[in-house]
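Enquirer: Sequence first, predicted model second:
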Amino acid sequence: MGRCAFQDPISENMTEVAAHTDGHDHGHHDHPSWLAHHFDDAEQQFDSGKLGMWLFLVTEILFFSGMFCAYVLYRNRNPEVFEFCSAFLNEKLGAINTGVLLFSSLTMAWAVRASQLKQHKLLVGMLGATLGCAAIFLGVKSVEYTHKWSLGLLPGRMYVAQMENGYHSDVDYLTPLCIAPAVLTVLFALYYVYSLVIASKFHQRVAGPLLVAGLCFFGGIYLGQFIEGGEHHGDSHGAHADAGHGEHASHDEEHAKEAGSETPAPAEASAASSDTGVALVSTSSGPLHDVAVDPKEAAIPNAEVNNQGMAGLFFSIYYCMTGVHAVHIIGGMLVISWLIVKAAREEFHSKYYGPVDNVGLYWHLVDFIWIYLFPLLYLIT
């Protein structure tokens, strides 16, 4: 009887811990599925998420600041190099990409508002529009990159655009860049067909924006090719362009004589007349139908700044800054795709829209960085 009446302290403590654990688990079961177990309420979760996102964005700003500082320092030391190399950048393509990203900021902000109002279809549509704009940006940038690679405008010591021999590569750089997007687009198309077959609204809401984004990439490819080298399709201003082309060629010849160098031989760089002065360059290996070269690119003398050590410096900075920015665009597209899946499940509402808001902050920063990159690289001469 005495032993039965005796209460073991260890057993008592274990009983209290078990009781506390049971009560704790029961409390967590009362939490909604969208509220993480370590937060007391929706407001605390939202504020914590936004604070974490702002800290991440600060690190991103510091990361890009280093590249901007490098740009300023090297430009101050070599202003003539940056003026020379900026002539190879297409301001029209840069302006188009700027407009596309600005519009994507609008659709992303609209998506945040739609998530607050539980407008699920509108939310999926705005996220899909943002994803499509990002795909257009990458398509245009792919054309811009491959055009420069064909001209030998490579970073650092790989820079080979000496121009005295009319260097233009016959290698097709654009096709390899399109392989992965083409495969993804086909997969998205098959996924969309599957969603129609099984009549699933959820899968249709997910597959639709992904398929549109894949098609938008190739729309950007077409747009970039049209702007970069397809302006010769029109003929409304042909006479004016021919006159401008002759004046520019004369100017380049005078510049070449002053620099003590020769312009490309006609057999090495021959120009086809067009309404804007854009020429298709022919080399000893045959015509390059996919590489349209502006007269200012085809007749640049081998000046002192046009060498591997100097011009390659500019394109090193150019590819570094724009390439890292493109990587951030791709990362944003992956996260937006994740949001589309959650939006298709109708998970967002007035108390839980933090993920959309945080991704929106990230996307606005990516757009904001491009607003600085565009004038620095394309417009300042």
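Expert: Now that the structure is in, tell me what you want to look at.

Enquirer: tell me the secondary structure for the closest residue to residue 352 other than its chain neighbours?
Expert: Closest residue to residue 352 apart from its sequence neighbours, by C-beta to C-beta, 6 or more residues apart in numbering: residue 34 at 4.3 Å. Any C-beta I mention is one placed from the backbone N, CA and C, and that applies to glycine too. Look at residue 34: counting by DSSP: H, G, I helix; E, B strand; the rest coil, its state is coil.

Enquirer: List the buried residues of the helix or strand harbouring residue 71.
Expert: Assigned by DSSP states H and E, residue 71 belongs to helix 42-77. Buried residues in helix 42-77, counting neighbours by 16 or more other C-beta atoms under 10 Å, are found at 42, 45, 46, 49, 53, 57, 64, 67, 68, 71, 74, 75.

Enquirer: Toward the C-terminus from that helix, list the very next helix or strand.
Expert: Next element after helix 42-77 (DSSP H and E): helix 79-86.

Enquirer: Could you list the alpha-carbon positions for that next one in CSV?
Expert: Extracted in CSV, the C-alpha atoms of helix 79-86 (Å, rounded to 0.1, in the frame of the first residue of the first chain):
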residue,chain,number,x,y,z
PRO,A,79,36.3,56.8,-71.6
GLU,A,80,37.3,56.5,-75.3
VAL,A,81,37.0,52.7,-75.0
PHE,A,82,33.5,52.8,-73.6
GLU,A,83,32.4,55.4,-76.3
PHE,A,84,33.8,53.1,-79.0
CYS,A,85,32.2,49.9,-77.8
SER,A,86,28.8,51.4,-77.0
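
Enquirer: Give me the angle between it and helix 42-77.
Expert: Using axes from the mean of the first three to the mean of the last three C-alpha atoms, to 10 degrees, the inter-axis angle of helix 79-86 relative to helix 42-77 is 110 degrees.

Enquirer: Name the next helix or strand following helix 79-86 along the chain.
Expert: Downstream of helix 79-86 (by DSSP H and E), the next one is helix 91-116.

Enquirer: what sits against residue 320?
Expert: By C-beta atoms under 8 Å, 6 or more residues apart in numbering, residue 320 lies in contact with 67, 155.

Enquirer: Where does it sit, in terms of helix or strand?
Expert: Using DSSP H and E, residue 320 maps to helix 311-344.

Enquirer: Please point out which parts of that helix sit buried.
Expert: Across helix 311-344, burial judged by 16+ other C-beta under 10 Å covers 311-319, 321-322, 325-326, 328-329, 332-333, 336-337, 339-340, 342-344.

Enquirer: Tell me how far residue 202 lies from residue 120.
Expert: Separation of residue 202 from residue 120 (C-beta to C-beta, to the nearest Å): 11 Å.

Enquirer: shared neighbours of the two, which are they?
Expert: residue 344.

Enquirer: ok, those two, which is more surrounded?
Expert: residue 120 (18 against 13; other C-beta atoms under 10 Å).

Enquirer: list the contacts for the more buried one?
Expert: Contacts of residue 120 by C-beta under 8 Å, 6+ apart are 114, 343, 344, 346, 348.

Enquirer: by contact count, what packs against the helix holding residue 71?
Expert: For helix 42-77, the elements it packs on are helix 311-344, helix 354-374, judged by 3 or more C-beta pairs under 8 Å, 6 or more residues apart in numbering; DSSP states H and E.

Enquirer: can you redo the ones you listed as CSV with mean pLDDT and distance to residue 197?
Expert: CSV is the format used below for these (pLDDT from 0 to 100; distance: least, C-beta to C-beta, whole Å):
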stretch, mean pLDDT, distance to residue 197
helix 311-344, 94, 17
helix 354-374, 95, 30
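
Enquirer: In a markdown table: those helices, plus distance to residue 187.
Expert: As requested, those are exported to a markdown table (distance: least, C-beta to C-beta, whole Å):
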| stretch | distance to residue 187 |
| --- | --- |
| helix 311-344 | 13 |
| helix 354-374 | 23 |
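
Enquirer: Of the ones you listed, give the one that comes closest to residue 226.
Expert: Among these, the nearest to residue 226 by C-beta to C-beta is helix 354-374 (19.8 Å).

Enquirer: what residues are up against the residue nearest to residue 352?
Expert: Residue 34 touches 347, 351, 352, counting by C-beta under 8 Å, 6+ apart.

Enquirer: Out of these, list just those in strands.
Expert: Judged by DSSP state E, strands contain none of the contacts of residue 34.

Enquirer: just the residues you listed now: which is nearest residue 131?
Expert: Distance to residue 131, by C-beta to C-beta, is smallest for residue 347 among the contacts of residue 34, at 18.0 Å.

Enquirer: Who are the contact partners of that closest one?
Expert: When contacts are counted by C-beta under 8 Å, 6+ apart, residue 347 touches residue 34.

Enquirer: if I look at it, how far off is residue 339?
Expert: 10 Å.

Enquirer: How about residue 160?
Expert: Plainly put, residue 160 is 43 Å away from residue 339 if you go by C-beta to C-beta.

Enquirer: do the same with residue 360
Expert: From residue 360 across to residue 339, the span is 10 Å (C-beta to C-beta).

Enquirer: list the residues that contact both of the two?
Expert: residue 111.

Enquirer: can the buried residues of helix 42-77 go into TSV with extra columns for distance to residue 99?
Expert: Formatted as TSV, the buried residues of helix 42-77 follow (distance: C-beta to C-beta, whole Å):
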residue	distance to residue 99
42	37
45	36
46	32
49	31
53	26
57	23
64	21
67	23
68	22
71	23
74	29
75	26
